[in-house]
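Trainee: Need a 3D model of the following:
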Amino acid sequence: MSTEHQTIRPQPGILDIAPYVGGESSLKGVNRVIKLSSNENPHGPSPRAIAAFRDTAASLALYPDGGHAGLRRAIAEVQGLDAERVICGAGSDEIISLLCQAYAGPGDEVIHTEHGFSMYRLCALANGATPVEVRERERVTDVDAILAACTERTKLVFLADPNNPTGTLAGAGELARLAAGLPPQALLVIDGAYAEYVRAPGYDAGLALVEGRDNVVMTRTFSKIHGLAALRVGWGYGPAHVIDVLARVRGPFNVSLPALAAAEAAMRDVEYTSHCVVQNEVWRDWLAKELRRHGVPSDPAHGNFILARFDSPETALACDEALRRRGLIVRRVAGYGLPDCLRLTVGDADACRLLAEAIGAFMTGTHP
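Mentor: Residues are numbered from 1 along each chain as shown. This next block holds a predicted model:
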């Protein structure tokens with residue numbers, strides 16, 4: 001059935017958008033399912049965040065703080081930032097959307113890499129801008145290719161670091177070179193959704209660039225390391241001129257009161273955050289090693305997931321089907337230009353052991 005109207009038409013670009021499809025959470029005919037498709041924190045949120053969420057129950061008739069003062073202050077204190085240059089949103093997706101709304105429109109171009117997060121393209125199209133896809137070099141950001149793609153119409157360059165779904169890092173030097181080489185009207189947006197998981201020496205999620213330049217913005221989320229995906233909270237940090245613009249176009253109460261309370265508690269519980277980081281690193285490295293032992297390579301991973309590479313799209317699809325029969329849901333990434341890969345969220349110890357055993361059985365032909 002067609003949903004297009006003959007005379008009532010949306011803005012240009014919107015009908016070119018394929019709706020975003022999240023990771024599956026259930027399988028028909030399978031009772032026990034382990035979901036490893038959405039890069040969620042298997043340990044859940046901080047107990048302090050849960051308590052803070054519950055404590056808001058009696059205040060649900062009240063509007064939240066439209067200025068997000070408590071959460072911005074907590075972010076600034078824990079991260080060492082200027083609270084006046086922090087903006088909060090309904091997930092980092094909203095910050096990305098606000099950037100496109102404020103800075104990109106018809107006739108403008110928005111650059112993203114070929115295996116980058118699909119929301120960059122969707123948000124560009126939703127605002128009438130033209131998304132420009134730039135190749136990567138063996139699943140790693142190619143700064144020279146991005147700079148070559150820039151024109152006088154380029155307004156935004158989106159770059160996830162670590163990237164999703166590849167898990168690779170661009171490197172601080174390359175990010176600095178990119179920021180310095182952009183045309184004067186363009187902003188570099190460094191998406192740090194998985195920044196807390198990175199243990200690479202010298203990595204700062206782009207903070208030094210944001211502090212030292214006027215054309216770099218960083219975004220972060222509470223959905224991953226903080227385990228608050230259901231509440232939809234994210235934040236951005238950037239030069240004052242950008243934060244002022246975003247504050248003008250965002251909704252006045254875009255983050256709910258329970259979400260603000262839980263996020264503030266989660267940000268301040270640095271001990272719990274560190275625990276989750278360590279657990280992820282241990283089992284991410286273990287899982288990657290086990291996959292290599294079974295003939296399934298992956299690039300050095302810096303998030304809470306691994307991009308498992310197979311010898312063909314057919315093998316990746318067959319492996320996914322074998323995993324699904326055992327109640328293990330991972331993410332197919334053909335839509336990201338990686339048909340011969342599967343993205344595997346790093347779960348808890350039991351989930352990682354089950355996943356490694358199942359992939360090993362598939363690779364040796366001993367799976368059910």
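
Trainee: shaky segments in this protein?
Mentor: Counting by pLDDT under 70, the chain contains low-confidence ranges at 1-2, 8, 17-31, 366-368.

Trainee: longest helix anywhere in it?
Mentor: Longest helix of the chain, by residue count under DSSP state H: helix 270-293.

Trainee: Quick one: residues in contact with it.
Mentor: With contact meaning C-beta atoms under 8 Å, 6 or more residues apart in numbering, helix 270-293 is reached by 41, 43, 46-48, 78, 196-197, 199, 225-227, 266, 297-298, 301, 304-306, 308, 344, 346-349, 352, 355-356, 359-360. Placement of C-beta: from N, CA and C, glycine included.

Trainee: buried residues in whichever helix or strand residue 243 is part of?
Mentor: In this structure, residue 243 sits in helix 240-249 according to DSSP states H and E. Within helix 240-249, the residues that qualify as buried are 242-243, 245-246, counting by 16 or more other C-beta atoms under 10 Å.

Trainee: Which parts of the chain are strands?
Mentor: Using DSSP state E, the strands of the chain run over 34-35, 86-89, 109-113, 130-134, 154-160, 187-191, 216-221, 234-237, 305-309, 328-329, 331-332, 341-345.

Trainee: helices or strands up against the last one?
Mentor: Spelled out, it's strand 341-345. Packing contacts for strand 341-345, counted by 3 or more C-beta pairs under 8 Å, 6 or more residues apart in numbering; DSSP states H and E, involve strand 305-309, helix 313-325, strand 331-332.

Trainee: any chance of the ones you listed in TSV, with distance to residue 282 and mean neighbour count too?
Mentor: Listed next are the helices and strands packed on strand 341-345 as TSV, based on distance: least, C-beta to C-beta, whole Å; neighbours: other C-beta atoms under 10 Å:
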stretch	distance to residue 282	mean neighbour count
strand 305-309	13	25
helix 313-325	22	16
strand 331-332	22	22
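
Trainee: Let me have the ones you listed in a markdown table, adding distance to residue 14 as columns.
Mentor: A markdown table is the format used below for the helices and strands packed on strand 341-345 (distance: least, C-beta to C-beta, whole Å):
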| stretch | distance to residue 14 |
| --- | --- |
| strand 305-309 | 30 |
| helix 313-325 | 30 |
| strand 331-332 | 26 |
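
Trainee: so what's residue 235 bridging to?
Mentor: Residue 235 has these beta-bridge partners by DSSP bridges: residue 88, residue 220.

Trainee: Would you confirm that it contacts residue 220?
Mentor: Yes: under the criterion of C-beta atoms under 8 Å, residue 235 makes contact with residue 220 at 5.4 Å.

Trainee: what touches both of those two?
Mentor: residue 92.

Trainee: Could I get the contacting residues of residue 181?
Mentor: Going by C-beta under 8 Å, 6+ apart, residue 181 touches 143, 147, 150.

Trainee: Which one of the residues you listed is nearest to residue 321?
Mentor: Set against residue 321, the nearest of the contacts of residue 181 by C-beta to C-beta is residue 143 (37.8 Å).

Trainee: Double-check the closest one against residue 172; I have them as touching.
Mentor: No: the criterion here is C-beta under 8 Å, and residue 143 misses it with residue 172 at 11.8 Å.

Trainee: ok, the two, which is more surrounded?
Mentor: The neighbour comparison of residue 143 against residue 172 (other C-beta atoms under 10 Å) goes to residue 143, with 21 against 18.
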